[in-house]
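Trainee: No sequence on hand, only this structure:
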């Protein structure tokens, strides 16, 4: 029997849902608003919501003081670079695990995931020293390598779940139809896996874009991505909320826009396997 | 040509021997059905012939050539899967043309063969659709189309009808049999449904636990089953088995009588019992009778039989239709 939904109940739930949605969205909204305030308005008590003097001076100052484009470019190179490198390694790995599993495949998958449970700071010192000795500190290639390693378990897992959904019989049918391994992968498997590969790519670009621990600790000036750019405005001694907000807004805007346009793909990617 | 012969073929999954050791000859142009209960190894056997599984021992010959180590793509066999296994991202046309494309045929020849196959299978109007937009029966036809365009040495069918509803299944059964008469190509067909086996096969191979129990034409198996297993598996409804005094009197451990070989009477007979469930099909009536001291027996009555739940009836087996089995389950001569 369908539940009886009264208009009053529906209204309450709707208001509640919008309320919670707004609450979650509020910090982002506040950051964006603050970025248009003067430093005085930014710390005013009681806080001002919309009735303040709107200004773009924070953006001007931020752009003057630091090279936004350099950080933006670093973020692009690091997030896309690590994701592509990860995919190149993960696609054959996930393929093997999904279609020719061995006795230990499940254990290998679990072991890979378990590395994500380790606190990153636990390996900070060894990795820092390795990077220092090999000259990888503050280089984009160094960050690409470390972020690839960090996200590889997730990439393999996501692809593995996608590939598992492809019925083995279809691949066997291709084999019976005379396809070589190369044609089987090129004409049958890859076209069927494209949606999965696409959402894996998107999610990992976002994860890498937002990654702050390694990007902050292993960079100084040259390879610093947008996370370091934000951090440079949060100084413990001075209160520059407005400038910090302007920097944050500039840093999150690209990924918000990317996420907005790809949300359908992303939701599908994250819930894949759970619902068909 | 499509003569397939298996000698001493065996298959193990880890420690489990799914097929211990098996010999089988399949003649060119034959319609052979592998039948048996689930888990009897019939699908595994088909996959060994296809090359989708590697044999653990023995030799598979196709047209006299050792094909044991040949990859599936090179065996020249075509397979129709239970799940149809169509390529979801390709149109029906591209699905059917796929094996031709893999064989490197030119576009004009591909087009010619696809059109011909589509015509035979009533798919001409659906060539531009994706498999997802087709009904179960149409998908099955696409799968068959994909198999016939490349003119294989033999067709392998792996329970192709089990995902279809009952009416469609009967239709497709006829279509596949019809196709066999037209193409005259060897067909190997796996099913757990003995009705499919009886109606389609030239030769039935009854399997149990990876062993061949009996090979023969449908009526041979029906008339002269080699053992209790085949006797019980072939024929519908199932044969009735009786042990004890009745069997001992005929020098057997067990006797078997088919439901259609028992005479039904309201007044007198060899066994007496009470009617339980009766299934009225119009053309036949199947009575499930609780026979005194023996248990439930199934009896077939011609046409409409007037019998109600709880009625007393008498049953007499037709003497020349009784099957006798020894203690080892084998048929006694």
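Mentor: Yep, it's here. Here the structure is a predicted model, which means the values were calculated and not measured.

Trainee: pLDDT on stretch B:111-122, on average?
Mentor: Averaged over stretch B:111-122, pLDDT sits at 92.

Trainee: Go through that stretch and flag the buried ones.
Mentor: For stretch B:111-122, the neighbour count (16 or more other Cβ atoms under 10 Å in any protein chain shown) marks B:113-114, B:117-118, B:120-121 as buried. Quick note: C-beta positions are derived from backbone N, CA and C, even for glycine.

Trainee: can you give me phi and psi for residue 20?
Mentor: I'll assume chain A. phi -70, psi -40 (degrees, to the nearest 10).

Trainee: oops, chain B please
Mentor: Dihedral angles (degrees, to the nearest 10) for residue B:20: phi -60, psi -60.

Trainee: ok, back up a step: secondary structure and distance to chain A added to the buried residues of stretch B:111-122, as JSON lines?
Mentor: Output for those, formatted as JSON lines (DSSP: H, G, I helix; E, B strand; the rest coil; distance: Cβ to the nearest Cβ, whole Å):
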{"residue": "B:113", "secondary structure": "helix", "distance to chain A": "13"}
{"residue": "B:114", "secondary structure": "helix", "distance to chain A": "13"}
{"residue": "B:117", "secondary structure": "helix", "distance to chain A": "14"}
{"residue": "B:118", "secondary structure": "helix", "distance to chain A": "17"}
{"residue": "B:120", "secondary structure": "helix", "distance to chain A": "18"}
{"residue": "B:121", "secondary structure": "coil", "distance to chain A": "17"}
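
Trainee: With respect to residue A:167, which of those is nearest?
Mentor: residue B:121 (22.7 Å; Cβ to Cβ).

Trainee: Once you drop chain neighbours, what's closest to that closest one?
Mentor: Once flanking residues are discounted, residue B:121 sits nearest to residue B:141: 4.4 Å by Cβ to Cβ, 6 or more residues apart in numbering or on different chains.

Trainee: these two touch, right, that neighbour and residue B:125?
Mentor: No. Using Cβ atoms under 8 Å, residue B:141 makes no contact with residue B:125, being 12.0 Å away.

Trainee: And the furthest pair within the buried residues of stretch B:111-122?
Mentor: B:113 and B:121 (12.4 Å).

Trainee: circling back to that earlier point, give me the more crowded residue out of residue B:141 and residue B:125.
Mentor: Neighbour comparison, residue B:141 and residue B:125: the larger count goes to residue B:141, with 24 against 10 (by other Cβ atoms under 10 Å in any protein chain shown).

Trainee: From chain A, how far off is the more buried one?
Mentor: 15 Å (Cβ to the nearest Cβ, to the nearest Å).

Trainee: same deal with residue B:95?
Mentor: 9 Å.

Trainee: Report the contact partners of that residue.
Mentor: Contacts for residue B:95 (Cβ atoms under 8 Å, 6 or more residues apart in numbering or on different chains) come out as B:86-87, B:131, B:142, B:145-146.

Trainee: longest helix of chain B?
Mentor: Ranked by residue count under DSSP state H, the longest helix found in chain B is helix B:166-183.

Trainee: ok, the helix or strand following it near chain A or not?
Mentor: Note on helix B:166-183: by DSSP states H and E, the next helix or strand toward the C-terminus is strand B:186-191. No. Using Cβ under 8 Å from any Cβ of the partner chain, strand B:186-191 never reaches chain A; the gap is at least 13.0 Å.

Trainee: quick one: strands adjacent to strand B:186-191?
Mentor: strand B:31-35 (parallel), strand B:154-158 (parallel) (DSSP bridges).

Trainee: Could you give the average pLDDT over the first one?
Mentor: Spelled out, it's strand B:31-35. Taken as a whole, strand B:31-35 has a mean pLDDT of 96.

Trainee: I'd like the next helix or strand past it.
Mentor: Following strand B:31-35 in sequence, per DSSP H and E, is helix B:42-50.

Trainee: Now do the helix or strand that that following helix is followed by: which elements does it pack against?
Mentor: Using DSSP H and E, the next helix or strand after helix B:42-50 towards the C-terminus is strand B:57-62. Packing partners of strand B:57-62 (3 or more Cβ pairs under 8 Å, 6 or more residues apart in numbering or on different chains; DSSP states H and E): strand B:4-13, strand B:16-26.

Trainee: Give me the neighbour count for the residue in the stretch 1-150 of chain A that chain B sits nearest to.
Mentor: Nearest to chain B, among the residues of the stretch 1-150 of chain A, is residue A:103, at 9.3 Å (Cβ to the nearest Cβ). Close neighbours of residue A:103, defined as other Cβ under 10 Å, add up to 7.
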